[in-house]
Structure formats: structure tokens, C-alpha cells
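Asker: just a sequence and a predicted model for now, questions to come.
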Number of protein chains: 4
Amino acid sequence: MVVVGIVGASGYTGGELLRLLARHPEVEEVRYATSRRLEGKPVWKVHPNLRRDYPDLEFSDPDPVEIGEDCDVVFTAVPHTAAMELVPDLLEGGAVVIDLSADFRFDDVDVYEEWYGVEHAAPELNDEAVYGLPELHRDEIRRTDLIANPGCYPTGAILAAAPLVEEGLVDVVIFDSKSGTSGAGAKPSEVTHHPECAEDLTPYNPTDHRHLPEIRQELGKLGDVEVHFTPHLAPLVRGIETTAHGLGDVEIEPKELRELYVEYYDGEPFIRVCEVGEAPRLWAVRGTNYCDVGVFAVGDGRVVVASAIDNLTKGASGQAIQNMNVRFGFEETAGLEEPGYHP
Amino acid sequence: MVVVGIVGASGYTGGELLRLLARHPEVEEVRYATSRRLEGKPVWKVHPNLRRDYPDLEFSDPDPVEIGEDCDVVFTAVPHTAAMELVPDLLEGGAVVIDLSADFRFDDVDVYEEWYGVEHAAPELNDEAVYGLPELHRDEIRRTDLIANPGCYPTGAILAAAPLVEEGLVDVVIFDSKSGTSGAGAKPSEVTHHPECAEDLTPYNPTDHRHLPEIRQELGKLGDVEVHFTPHLAPLVRGIETTAHGLGDVEIEPKELRELYVEYYDGEPFIRVCEVGEAPRLWAVRGTNYCDVGVFAVGDGRVVVASAIDNLTKGASGQAIQNMNVRFGFEETAGLEEPGYHP
Amino acid sequence: MVVVGIVGASGYTGGELLRLLARHPEVEEVRYATSRRLEGKPVWKVHPNLRRDYPDLEFSDPDPVEIGEDCDVVFTAVPHTAAMELVPDLLEGGAVVIDLSADFRFDDVDVYEEWYGVEHAAPELNDEAVYGLPELHRDEIRRTDLIANPGCYPTGAILAAAPLVEEGLVDVVIFDSKSGTSGAGAKPSEVTHHPECAEDLTPYNPTDHRHLPEIRQELGKLGDVEVHFTPHLAPLVRGIETTAHGLGDVEIEPKELRELYVEYYDGEPFIRVCEVGEAPRLWAVRGTNYCDVGVFAVGDGRVVVASAIDNLTKGASGQAIQNMNVRFGFEETAGLEEPGYHP
Amino acid sequence: MVVVGIVGASGYTGGELLRLLARHPEVEEVRYATSRRLEGKPVWKVHPNLRRDYPDLEFSDPDPVEIGEDCDVVFTAVPHTAAMELVPDLLEGGAVVIDLSADFRFDDVDVYEEWYGVEHAAPELNDEAVYGLPELHRDEIRRTDLIANPGCYPTGAILAAAPLVEEGLVDVVIFDSKSGTSGAGAKPSEVTHHPECAEDLTPYNPTDHRHLPEIRQELGKLGDVEVHFTPHLAPLVRGIETTAHGLGDVEIEPKELRELYVEYYDGEPFIRVCEVGEAPRLWAVRGTNYCDVGVFAVGDGRVVVASAIDNLTKGASGQAIQNMNVRFGFEETAGLEEPGYHP
């Protein structure tokens, strides 16, 4: 049983952590749900779905060292740059930190500094951090106190292509991803203003999204591949569909390709491999920690594989809890058993 | 621990039962998931969200008496008229039956026959049936073997207005309800064809929907009130928002009105009472068995109260499981702990 | 041919005016499209749909008197209170003013001051203003220089119920209206943040929305009727569906009821009367100046009539242009011929 | 002035033709709107948006030769294979035929037969047919009596990439397209059942969609390029967003790239070129014949260009009317002036 803190609990990923922790069998208590702006306000006023689950928990704003001392594990769901300021104190306090920001995701601090345009505040800690994609780094996650939870797009993209890359089947992969609007966070903006986006679908940061170096880093560990990535905002609330277009001199049948994925992900509790020709559905992963992978089409020197995740769950808070489970030796699926919906 | 059968498991309510039963702590096994049309097909091929949860369960089509013999409880999720043909056999087999159709919802068989335009096939059983809204009939539900699970609209409407009616605060209630498209079932039709309905919102059966007599029957037990009802198809997947417009010589403050609801529903595990002025949100009940009730506005001889439910959960399959829990003496929230989403 | 000015051209109603005026056969030029914040910026940068139609028009911020002098007609699409500060100068300049705000909609200034909580800045002008619903006030509109363009909800509500009220068929009408999100304007807010509203539908200001006194004023001129109104935010972009629930000792067949509407609106260019039982569709009025009226159901002392409008067109800018056409003796449908879509 | 016939007028493209022809200045009359199934029914009962525009036109089912004799131009909006059976008779009657099916789109009948799996019924006519994309084939369109109107996806894809390919900037183009549900037609199916698709987004026919050979044929005329294509069903009604991922040893600045497009499409009435970094918006082309092209990003040997069209207008019926305008020497924009919406 662990005592948990959430630093930055007023946003969507903070709320999703609260939702999933409410019934987690190994969680003794969520002791802190911080928000400077909302200090003293009950968390359920911001997350009314949790009215019954946290009747008394209020947003607080204590000292990070204190949070680290009182908690076994702290989730940091704050913007990048804010996280790296906090994490040293949290670690000093003695907690395991699972950081949902980008601050500790890069093996090479220079890459971070180049893509995020800031100086890293804790480069010495960066070396201890493990990229928290359990399907690729389960063992390292078990042995670290600082887990860098992956970005939403990288989670869907890496899991869609890892077997392809590791097998050396393709030379180039172009990820064309479509995200629901909750990926933009709880703060209103023109981009997610309903009249503007509800019947539209647009690419953004088409060649230079900050999740690109993250995908490149992880796939680069698996094989030699050229990686491109273009995200789109799609008119739906939760979910990322990623279509991975792989190019190469591919000689494989769709059935074999699927078999390759089945073997690669054998035993993985959160990867569900679809049938050949079956597209993964966003409603089937909604609210869950699953990444469904499917399609498995081959034609004219191209392979197409698609993945579906919930950007707030497997793409953020669900994966963070999976990381907690791995790190603390809990059942990996603890608190994450939701099977998904139809429809 | 109970063995369960689902008669009619290929539709949305059947799938929702499977989803909720998959993790129910008191369910030993879902032994039957019937579908004449899909016999022999794995259930996950129709409900791909349940791929991992029912790897081996296939649709079957056994004799109803056999189902009744093998199961402790059987959910019938078939169209009206089909249910009343099956239920006698299921009961004869020895199972408790929770019928999601309209066939046993009316105290007076004549009302059923008038509104549904068919002769009742089992009028003698109708007297044993209990209207399965636990908030109103918990005790009778405990003592019957035939539970008539309420309609989706009636659930939202009755729960929104029961305290008003029982207190005699209003003379007339007009329910203006807006349902998501999953309420129309899994079978495609022009009405739910995405291009036709996605940016539209239309009333249908405005004065003569079959759920009207159901609402009248139940509210009529609580007080003397004139009831009207108009449903609408709204462009969302899951959820029913019901706005109850109560008319009468009302002398009450919104705060008192809310207090009345808090007391009326005190101890109810699935009714969450919102703050004064707070509208219940459909995302907060999505996939859950909650009915959130709120708004509590008063003005010019009118009271407005609104409710939000998920039409497939509290409006159908979740409530059916709540009824099972009540009937078998399980924890009433067993298998129904999902708190809802934000967003 | 007229020269036109638009005061407040950066919002949705301003943009809709620009769209409709671009091809209006009697418009010589849109000379001003004002915006203090965006002065000097091409209008098409804010309204990219109009890239080709206004290649050179820039947002400007001239003196109101000057605008009034240079233009034959000025549309004021600014928030309430801002309009009443500007209108005197525009009129002084010599222009006809069509005001899309609420500032001049009330016959009785006291009603305005009570509901809007401000002192009226130009009460002497208020008497000259005509409520610009051509179906009810066409003759007065022809003779005034200050037209108060109706609110979006009142347009749909009044047109849905006017024949009912004028015929004295009902004693009470409850309007339950559902609006698309564009009704909230172009400024992002939590209410219209896509993740919050896209799968939700909520009532707001259920007994005290500011459009209520407007509906009461206009229907009160037609007959003696008790009026209630509750608006809802619905997950669609453009359109208001209004369900009018009329109560009374009604003795009429749906067919006769429809006939009554056909006669009442005989010759009206923008009212399309649906068949008995046919719900008006939002896509059929989208982008158009039509108000489709239908349903015509009767039962148990209740009448149900529904209307559909596009909140930005018949509910705002289209109606404003209709008012210009009436006032200047143009063909009433000039510039407003768009028939609507399917789907 | 021309007399027009529409063969197959009950579907969405038929309805869209009726909508656009209703106000076309060069159309004397729409004489035929055929539908075998709906013979004798007023067209507005199926397309209620056109209630006022075609009060008397009924679906009819005359002999094709007769239609060809009575009309100057006939649009065939019927499924592939049905078209090639009809077209010879229509041409024999003397009409110009604009065929919205795939039957005459391929220069090489063998390609058609291979991809559509049927024998061509009128191979001798195929040679006369011109691929009706005016931006590429305006002169040939003027001189033929049989215009093969392009597919919806190919229109968006070809226009997005033509300048890239003609300039030889890229070696490979992968088109990742996302279509609204109206592209699937008016017939309900599971794929477009609202509960299934409204919060989902899925790829289909990822390597072998029938529009692929059409795109390859046309781009192949412009340059030597490897073409791939994957379509997706997106949760919106009207619109196709196409992201063209071009690979090659590209040495160009985004600004130059945009300039290239501006020059390439100079004078084109329906191509609007966006600014660098500006994504084309689906609402800005909705209901219009525009193809907006934008984004113009370059990075790491990749070019990204995106296009937006309305699949029923520029992607089908609007383009068909543009083809009529070109063929008959009318103003090319006649009947197609709608500028689009915001929002």
C-alpha cells in the first residue's frame, strides 16, 4: 500500500490520475492534490465525476520536499520546465517520482534543450530517469526512482511500429496521428473552441512537433529507421489513432505480420492485437490503459499498421499508474482493469 | 457467486451487461450469451472491447428452459414481445429473470396492450413482476423472481421528479429529454445514420412515446400530477439529459429544493445531487450507474430540475445489475464502482 | 445599392454578415468592418472563408459619426451596452442602424434595465426602435431608422408559437431550446471548450435567461399566455432547435394545427412549414435564413410544435439582412437565397 | 441556358446537384430527377432542404435515350457499373454526360477492370471520356461529350500534390486522407451508424482503396512519383482533409514552396492557397467548390502539404457543375459562388 501525491491535479491528466487511483487496491491514500490557483477548493468541484470518491480532498499547495517526505510516490502533472524545478525536491523528500512532463524523457539533455528551447534545470538527475514505456523498459523502471512518463503521441506511435523496426522490415516510417481534443488540456483556447474544431480536422506542427525526437529516440534503440511524424487535431474528445506508414522492400504477408506482433507483445497486459484487416477502435480503448494495434496491411512496398489509445489513460495517467505498479511490484494491471466500451 | 445468462447478447445492452459482469465480484461465470443469428461466433468479434475478457465465450442459442436451469440469474435483452415469450421458460428453469424489455413493466396489462398494440403472452406472470427501480422499489425487488428493468427515459425522468411529486410541489411536469444515439440500438437506420443526425437534434414521438405511460405509472404512485414527455435525439453517443419543467404554485427557494432532494435520496448509492445551479454532466455519468440530479431553479411558478444518466448503464444494463445485486443480497454497488470521466 | 458598415466585425455574427453581404445584389460596398483590437489586419485573416471575397478589406476603427455619414446602413454586432453608446452617433451620421445587440429590443426601458442590470444610455432613442422580426413587424420596420434585431432564441421561439398564441389555443407555453455552440460567440471559454461540451448537453439559466422577457414581450402582443423558457447547450456548431410545449384545453387535430400555421405564414419567404409529424432539421436550415416549423403533435391537453433555425443566420445576421432588405425596399430574399443542405 | 437531367437523384450527390442547380443562372430547368425506387415521390420529401426550390419535381424513371434526347446535359449519380450501362443511351439521345461514377475515369480499361473486378460494358466509349479535373484537363473537357467526374479522395489528393510532382520535388507521396461520413452515401450501414463512428476514427482499405489507381494515373502524367494512399473515416459530416507526405531530397523553403503553389494555381477560380503554416479548414470549404491548400512544411527530407475540400461539392457535385460550366462555355463559377462558413 502506498501513499500518493499528485502535483498539478486540476488538469485533465491530474483528474484522470485521481479517477484511476480512487479504486486502486494498493493505494492507501491520495494525500496531496496540489494546485496553487485552487488551494482550499474541494477537488470534486473541478472534477465533478469524483464527487463521491473524494468528498474531503482539497487542492493544497505544500512544499515539495514535504510532499516527497509524506508520499511513497508522487505524480507530477505540471507543464514542462515546471517539473524539473520540482522533481529534485520531491526526490530529496524520498518519494519515487513519475513525471508526466517532457523534462526527463530524453537520454541526451541536449536534445531536450534544443527542442524545448530551455536550459535543463537538473541535468544530473536526467541520467537516472528511465523512459516509462513498460513494454520496452520494464526492467529499468523497476530500478529507478525517477520515471519519465512518455508523451501521448509517442506511446501510440512507438507501440504501433516497434516490431516493424526491431525486425528491420522498413526503412522509413511516417506516423500520421489524429488526437482528440482532450490532448490539448483543460485550458480553453481558440484551437479547441467547439465551433472552430467540431467539424474540422487539421494538421499542426507537421514536421517539428516536440514528440518527434521522443519517437526517434525510442525507435532508434530498436533499429535503423527514418522517422517522420505529423499530428492532427480530430473532432473527438478522447483517443489517438496513429496510422504508421512503413516503407521498405517488404516481403511479408499480412497474416505473418500480425503473427510477428502477437509474438512481440506476447504476455503484455495492455497490448491487444487485432485481426488482420481489423482497425483498432477508439471507443474500445476509451478510459482504459489498452493500446490496440491492428490493420496489418501490406502493398507496393508499404506496410500499414494502426494503433488506438486513450490519450489521457495509456497516453498519460493510466501509463503512469502502470509504471507505479511496475516500480512497486504490484500487479501490473492493478487499478487498470477497465475493458473499454462498445459503443 | 452466481452463474449468469444473457439472452440477446449481441446488441448494445447485451454488450454493456458483458462489460459490467466481466469484473463483477459475485459472478462466477457468464455461461450463456445468446444470439440466434450469431451462434458460434466469439462474443468479442461483436464487442471487440471485450477481446481479453471473454476469449472463449461464443454466442449460443440453447433452449430457454435449459438456460433457466443452468443459471442463477438471466438477463433478457431482447425486443419487447420476444421477452414475454421467453420469460416463462426461464422462470420454469429456476432462474431469477431481469427483463430489460417493456413486457413486464406495467402494473396493468391493459396499459401494456394499449400502448404496445399486442396481446400480452403471460399476463399471469405480470402480477409477479416488480418495476426494477431500486430507489423506489428496493424491498419488492428483493422478494421477486421477475424484475422488469425500467426504460432509459423513465429512469432519468422519474428520478429527476420523484421528490417534487411526492412533496406535492407541482401540478404538472413536462419532461423534455435528449438522448444519445446509442439508445436507438446497434441496428443501423436512417435516423442514426451519422450524416443525418450528427449536426441535428430532433424531437420524435412528442406526445405518444411508449415510455410515457411508464413514467405516469411510477410518478402516479407518488402523488397526483399531470405528466407530459417529449424525447429528442441528440448528437452524442451515450447519455440522456432530462429537463423536468414542473408547474405549480411553488413557494420554495432553490436551496431548500436541493435540500429536499438530498434528504430524499439520502443513502442512495447511485444518486448524486449537484449543487444549486450546477447542471449534471453527461461525461460524469458516462459508463457509470450514476444518476446525477441538479440545476434546482425556481421562477414564476415553475421549477426546473435536470438529470443525467448513461442510457446504456443506469438506463439499462447497469441498473439491471444493480437489481441483481439487490435481489441476491450482494453489495448494491458490486461491479458498478466506475466513478465517471472528466472529460 | 447601399454602402454598408459593420461595427464589430471580428466575431461570428460579424463574419456571417460579411459572408452574406459579399454576394448581396444591392450592396455596393462594405466600407467598414470595425475592430479596435484588430485594426489594420485583413478581415480574411480572421474569416479565412472570405479570403477571395474581401482581399483588401481591413479591420478599421473610425469615429462612429463618420461611419454613419459614409454608410447607408450600419450593422452593430457588438455586446449589449456597447451598442447603445454607439448608436446615437451612427444615427446622427445619417445611417440606418440595425443593432444585433439587446439594447433596443424592449418596448419598456425598465424591462431592459432590470434584466440587463444597467442604466439605458439612450432611452429617448429606444422609442424609435422597432423589434426587427419581419414576420410580425414588417410595416414598422419599413418606417424606422433603428431596427433592434431579435435574439437568436426569441426568433426560434416566437415563430414556433405565434400562431398558437394568436389563436388563443394555449394558456401556457414552455420553450425548451437547444443551441449549437456558435451561439456562445467566438471567444473561447470553459463552457465551449470541446472536451467539456462535445459529448454533453446541459441546461443553463433555466428560469432567468435574458431572452425570456423578449419572448414574453412579443408573444404578449399576440395573446394572453404564460411563457417559460429554458435554453440548453447542445453539441453541434450551428442551429437552434426549439420545442414549444403548449398547455391548454386544446381541441384540434394535428392536421388542422398545421393548416393554421400554413395560413398564418402564407407568403412568408423564410418560414417553411413541415408536414404533420415531420421534425424540422437543423442541416436543412444551416447557413440559411429559413425558420422551419413542424411536428404539430397534440395529446392530453398539450400541443407540441418545433422550430429550427441557424442561430447565426435567421437567428442573427441573416435576419439583420432581411431587415435591411425590408427597410430599403429590396427584394426581401436578396442575398439570402441559400436553400440549405442535405446532409 | 440548358435543360438538365439527373440520373440517380435520391442520394447525397444527387441532392447536392439539385441544391446547386436550383440557383444556377444558366439552368433553364431540371427536367428529370430519376429514382426507380421513389418514382412519383416529390424530390423534397427526400431532400427537405429543397422544399421551396422544387415544389413540383417528382422522382421519375424514364428511358435513358429519352432523357438524353430531352436534356442538354445529364449527370449520372449512380453506382459504378450502373453508369456504364446507361451512358451509351444518354449519349445516343444527344446529351452531354457528366458521370459521377468511376466507370469512365481510367485511361486504360484494364486498370478499371482489375480494380473494380468487372468487365467494362462500353470500352469503346472509354476512349472519348475525359477525366474531369478542370485544373488539369480544362481544354479536353471543353471538347468532349463524356466527362468522368473524379473521385472525392483523388480530387483532394491530386490538387494537394500536383505542383510538387510536376516540379519533381519528391520521389514518394503518401496521402493520408480523412473523410466525413457523408462520403459513404445516404444508405445506412454499421460503419456510419452514429454510435459506432461518432467518437472513432479509423483507417480502411489502407493499401488497396479503389481511388489509388485514379490518383496514380493523374499524378503519373505530371511526373515520376511513387504514390501511396490510406483513407480514414473521421467523425464529421462533410469534408476531406488530405495530408500529403512527400519524401525526397527536397531543398526548398516553405515560403518558396507556397510561392510555387500560388503560381501553379494562378487564375484557378476554386483553388485557394493558404499562408505558410496555415492549415486549410473544413468549415471554410463546406458546401463550396473550393479546394483550400496549405501548411507547406519542410523538414528532414519531407514536405507536408494539406488540402481541404467538401467531399460532396468539389469532391463530387460541385465539380460536376464546374465541368458543365467549362464544357458549355458558361462562367466557370456560375452557380458555385458560395464562399464557405466561419464557423
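Answerer: Good, I have the coordinates.

Asker: could you check how far A:G132 is from chain B?
Answerer: Distance check for A:G132 against chain B: by C-beta to the nearest C-beta, to the nearest Å, it reads 22 Å. Heads up, the C-betas are built off the backbone N, CA and C, glycines and all.

Asker: what about that residue, how many neighbours?
Answerer: For A:G132, the neighbour count with other C-beta atoms under 10 Å in any protein chain shown is 29.

Asker: is it true that it touches A:N323?
Answerer: Yes. A:G132 is within contact range of A:N323, at 4.4 Å (criterion: C-beta atoms under 8 Å).

Asker: residues of chain A that sit close to chain C?
Answerer: Near chain C, the residues belonging to chain A are A:12, A:180-182, A:184, A:186, A:188-190, A:192-195, A:197-199, A:235-238 when assessed by C-beta under 8 Å from any C-beta of the partner chain.

Asker: make it 7 Å
Answerer: A:181-182, A:188-190, A:192-195, A:197-199, A:237 (C-beta under 7 Å from any C-beta of the partner chain).

Asker: returning to what we had before: shared neighbours, A:G132 and A:N323?
Answerer: A:98, A:141, A:147, A:149 (C-beta atoms under 7 Å, 6 or more residues apart in numbering or on different chains).

Asker: can you put those residues in CSV and add neighbour count?
Answerer: Below are those laid out as CSV (neighbours: other C-beta atoms under 10 Å in any protein chain shown):
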residue, neighbour count
A:I98, 27
A:I141, 21
A:I147, 30
A:N149, 28
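
Asker: from those residues, which ones fall inside helices?
Answerer: A:I141 (DSSP state H).

Asker: which one of the shared contacts of A:G132 and A:N323 sits closest to C:C291?
Answerer: A:N149 (52.0 Å; C-beta to C-beta).

Asker: residue contacts, the residue lying closest to A:A308 once chain neighbours are set aside?
Answerer: Nearest non-adjacent residue to A:A308, counting by C-beta to C-beta, 6 or more residues apart in numbering or on different chains: A:P280, 3.6 Å away. A:P280 is in contact with A:274, A:292-294, A:306-308, counting by C-beta under 7 Å, 6+ apart.

Asker: now A:P280: how far from A:L159?
Answerer: 11 Å (C-beta to C-beta, to the nearest Å).

Asker: anything in contact with each of the two?
Answerer: A:293, A:307.

Asker: now for the shared contacts of A:G132 and A:N323, which pair is the farthest apart?
Answerer: A:I141 and A:N149, at 10.3 Å, using C-beta to C-beta across the shared contacts of A:G132 and A:N323.

Asker: shared neighbours, the two?
Answerer: Joint contacts of A:I141 and A:N149 (C-beta under 7 Å, 6+ apart) are A:132, A:323.

Asker: so A:P280, which state does it fall into?
Answerer: When classified by DSSP: H, G, I helix; E, B strand; the rest coil, A:P280 comes out as coil.

Asker: and it, how close does it get to A:V293?
Answerer: 6 Å.

Asker: next, show the common contact partners of those two.
Answerer: Joint contacts of A:P280 and A:V293 (C-beta under 7 Å, 6+ apart) are A:274, A:307.

Asker: for the residues of chain A next to chain C, give me TSV that also has pLDDT and distance to D:V109.
Answerer: Shown next, in TSV, are the residues of chain A next to chain C (pLDDT from 0 to 100; distance: C-beta to C-beta, whole Å):
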residue	pLDDT	distance to D:V109
A:T181	98	46
A:S182	98	49
A:P188	98	55
A:S189	98	52
A:E190	97	50
A:T192	98	49
A:H193	98	50
A:H194	98	48
A:P195	98	47
A:C197	98	44
A:A198	98	43
A:E199	97	39
A:V237	98	47
